[in-house]
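Colleague: Got a predicted structure plus its sequence, pasted below:
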Amino acid sequence: MRKSHPLVYLTLLAGLALSAFPLYWLFVVATRSNDVVGDWPPPLLPGGNLGDNVSRLFAAEDAHFLLGMVNSAFASVTVTVAVVFFSSLAGFAFAKLRFRGRDGLLLVILGTMMIPVQMGIIPLYLIMVELGWQNRMEAIIVPSLVSAFGVFLMRQYAERAIPDELIEAAKVDGCSTFRIFWSVVLPALRPGAAVLGLFTFMGTWNEFLWPLAVLEADNPTVQFSLSQLSTTYYTDYTLMFAGALVATVPLLLVFIAFGRQIIGGIMEGAVKA
Amino acid sequence: MVTDLRPRTAEKTAPAPRPASKRPFLSQVDAKWSPYLFIAPFFVIFGIFGLFPLGYTAWVSLHDWDLGGAGAFVGLDNYTTLFGDPDFWNAVGNTLGMLVLATVPQLLLALVLASLLNQKLRGLTFLRMGVVLPIVTSVAAVGIVFSQIFDRDAGMANGLLGLFDIAPVDWRADKWSSWTAISTMVNWRWTGYNALIYLAAMQAIPRELYEAATVDGASKVRQFRSITVPMIRPAVIFTVIMSTIAGTQLFTEPLIFGQGGFAISGGSLRQFQTLSMYMFEKAFRDFDYGYGSAVAWMIFLLITLLGVVNFLITRKGR
């Protein structure tokens, strides 16, 4: 490897500052009061109003922010567990089991991965009307329980991570196929499942267009609440920023805990934008 | 992405099938049907809530379809109207404009960032964490933060311009200014992510290539152009495709940027209304599901078209 110049460090640090600044600014404004936010030069240090802003946030009537947080947390956890489980199950079948039509079905999955799901939201909405799921969390959760991308990812991972001998040995011991999956395959898939789980969680938490279409303001997800804030309270910056900050905290916690896996996932090209 | 579809190891090492009669009945059923059972949840749920709506969009787009349900079959009327609809073409222009402004700088910056990171550096993990921090920020929060930064009266962007004696800009008022503000959000959020993808590809390039080039007297810049860029081509193509697909569907950032009553129309004069916003406006504000579905198909067509263009360009560059 080449030795690096101090200039490289300087450029990188500048890039890092640019990358972190909006997040820092989010924190600063959330802790300030409205009368100083627009000042020039801008206030660059945190103030003492965070508690006040957050309590105003949870009291803001048409935003239903607390409900939005609870709804999003519930949806994100449920969807993550389901996607990881179903993707591992199907990925294992595609990678390690032999059955008629396997390659054709895998091609179907590959083909659908590139199709933008936004395309189908109008009929999806009509389906929800039929099912009576408008403004209910089922509408957010159920369609997201499986993911073509997840199946593909876990298939690739299973192919590499699980030796056939392991499965054969379990078969000889008389294990059923599901038993093999549960006791042998699933533990071996854990690192791949972690990456898939992290990104599914983040993706569900950030879902915006579909909740906006199918939910109402009185039963929102967290991103929906934020957009309510930005339409109703758009002059009240400290309130909006407090909301944006609280909505980002769960993702930051995930990042602090699993940052390395997230970066590993991106670098393996494993992750959909 | 690895796209090897061949069923490699599974076939080679599978044992010779034992005579069927010696296997217990249940075990035969298990071996035969378990695979289908394992993939069934995916295909059932995806079929109902993914694939079916996609096809059904086409059917809805051929009807007068509103809150009252399916109306008359109108053939291609929705499409004919759409092609004469200035608001539609405005949305196409906005979407393409912001696609360019948000994708080109993003990928170029990512390339520079990645080549800087691809060196012996202290604190590499820290640096990597830093550059992907933006994608961890919740997406509506990004919209809120940048909306304030680009506010006409209270925003930092105008404050900075003021340092250079440039008059404050009303960022929401014009196409160029609103596109700039919105593209800045997208660029900020995704540059680090793409840089990591490039970095991974760069780390896979054999060191000997650079050593040989150095011996031959090639400059750093020359090495970057003649070795690095060609070697990371697949990664570049991957990121171009991904960001094109995402950019064509741009929705959250401009919507939050819009604030107030004109949010879904992308400003009072539709300065920054994207195609996705137009589809949403037609279907979920005007309840014109047929027309909205026609817009959805046009988004799909545009993505396909851009995909073909990408393909032709990258093939030509070979």
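Modeller: Received, thanks.

Colleague: residues in contact with the helix or strand of chain A with the lowest mean pLDDT?
Modeller: Using mean pLDDT, DSSP states H and E, helix A:34-37 stands out as the lowest-scoring helix or strand of chain A, at a mean of 83. Residues outside helix A:34-37 that contact it (C-beta atoms under 8 Å, 6 or more residues apart in numbering or on different chains): A:29, A:43, A:47, A:236-238, B:148, B:154. To be clear about C-beta, it is placed using only N, CA and C from the backbone, and glycine gets the same treatment.

Colleague: Pick out the one among these with the largest number of neighbours.
Modeller: With neighbours taken as other C-beta atoms under 10 Å in any protein chain shown, the top of those is residue A:29, carrying 28 neighbours.

Colleague: any idea which helix or strand carries that one?
Modeller: Secondary structure from DSSP states H and E places residue A:29 in helix A:6-30.

Colleague: what stretches of the stretch 201-318 of chain B score poorly on pLDDT?
Modeller: Low-confidence segments of the stretch 201-318 of chain B (pLDDT under 70): B:316-318.

Colleague: meant to ask about chain A
Modeller: Applying pLDDT under 70 to chain A flags the ranges A:1-4, A:269-273.

Colleague: Strands of that one, start to end?
Modeller: Read by DSSP state E, chain A holds no strands at all.

Colleague: can you tell me how far the most centrally placed residue in chain B sits from residue B:276?
Modeller: By C-alpha atoms, centre = their mean, chain B has its centre lying nearest to residue B:246, at 1.8 Å. Per C-beta to C-beta, to the nearest Å, residue B:246 is found 11 Å from residue B:276.

Colleague: Also residue B:239?
Modeller: Distance, residue B:239 to residue B:276, using C-beta to C-beta: 21 Å.

Colleague: Please list all residues in contact with residue B:253.
Modeller: Counted by C-beta under 8 Å, 6+ apart, residue B:253 has contacts B:139, B:142-143, B:146, B:182, B:185-186.

Colleague: Once you drop chain neighbours, what's closest to it?
Modeller: Spatial nearest neighbour of residue B:253, excluding adjacent residues (C-beta to C-beta, 6 or more residues apart in numbering or on different chains): residue B:185 at 4.6 Å.

Colleague: Am I right that the one you found falls within a helix?
Modeller: Yes. Counting by DSSP: H, G, I helix; E, B strand; the rest coil, residue B:185 falls inside a helix.

Colleague: Surely it and residue B:142 touch.
Modeller: Yes. The criterion here is C-beta atoms under 8 Å, and residue B:185 meets it with residue B:142 at 5.4 Å.

Colleague: give me the number of residues near residue A:9?
Modeller: Counted with other C-beta under 10 Å, the neighbours of residue A:9 add up to 16.

Colleague: same thing with residue B:304?
Modeller: For residue B:304, the count of nearby residues is 13 (other C-beta under 10 Å).

Colleague: again, but for residue A:114
Modeller: By the criterion of other C-beta under 10 Å, residue A:114 has 14 neighbours.

Colleague: Tell me, how many residues neighbour the residue nearest to it when sequence neighbours are not counted?
Modeller: The shortest distance from residue A:114 to any non-neighbouring residue, by C-beta to C-beta, 6+ apart, is to residue B:245 (7.2 Å). Counted with other C-beta under 10 Å, the neighbours of residue B:245 add up to 17.

Colleague: need the contact list for the residue nearest to residue B:253.
Modeller: Taking C-beta under 8 Å, 6+ apart, we find residue B:185 in contact with B:142-143, B:146, B:253, B:257.

Colleague: residue ranges for the strands of chain B, please.
Modeller: Applying DSSP E to chain B gives strands spanning B:63-66, B:69-73.

Colleague: Comparing these, which yields the minimum mean pLDDT?
Modeller: Out of the strands of chain B, strand B:69-73 stands lowest, with a mean of 85 (criterion: mean pLDDT).

Colleague: now for that strand, which elements pack on it?
Modeller: Under the contact definition 3 or more C-beta pairs under 8 Å, 6 or more residues apart in numbering or on different chains; DSSP states H and E, strand B:69-73 sits against strand B:63-66.

Colleague: Show residues contacting the strand it packs on.
Modeller: Strand B:63-66 is contacted from outside by B:70-74, B:287-290, B:293, using C-beta under 8 Å, 6+ apart.

Colleague: farthest pair in those residues?
Modeller: Among the contacts of strand B:63-66, the pair separated by the greatest distance (C-beta to C-beta) is B:73 and B:287, at 18.7 Å.

Colleague: dump the residue contacts of the closest residue to residue B:293 other than its chain neighbours.
Modeller: Using C-beta to C-beta, 6+ apart and skipping residues adjacent in sequence, the residue nearest residue B:293 is residue B:61, 3.7 Å away. Counting by C-beta under 8 Å, 6+ apart, residue B:61 touches B:78-79, B:290-291, B:293-294, B:296-297.

Colleague: Over to residue A:48?
Modeller: Contacts of residue A:48 by C-beta under 8 Å, 6+ apart are residue A:31.

Colleague: So what does it have for phi and psi?
Modeller: Residue A:48 has phi and psi values of phi -110, psi 20 when expressed as degrees, to the nearest 10.

Colleague: residue at max distance from the center of chain A?
Modeller: The outermost residue of chain A, judged against the average C-alpha position, is residue A:172 (39.9 Å), by C-alpha atoms, centre = their mean.

Colleague: How much space separates the residue nearest to residue B:137 when sequence neighbours are not counted from residue B:225?
Modeller: Leaving aside its sequence neighbours, residue B:137 sits nearest to residue A:248 (C-beta to C-beta, 6+ apart; 5.4 Å). For residue A:248, the distance to residue B:225 equals 39 Å [C-beta to C-beta].
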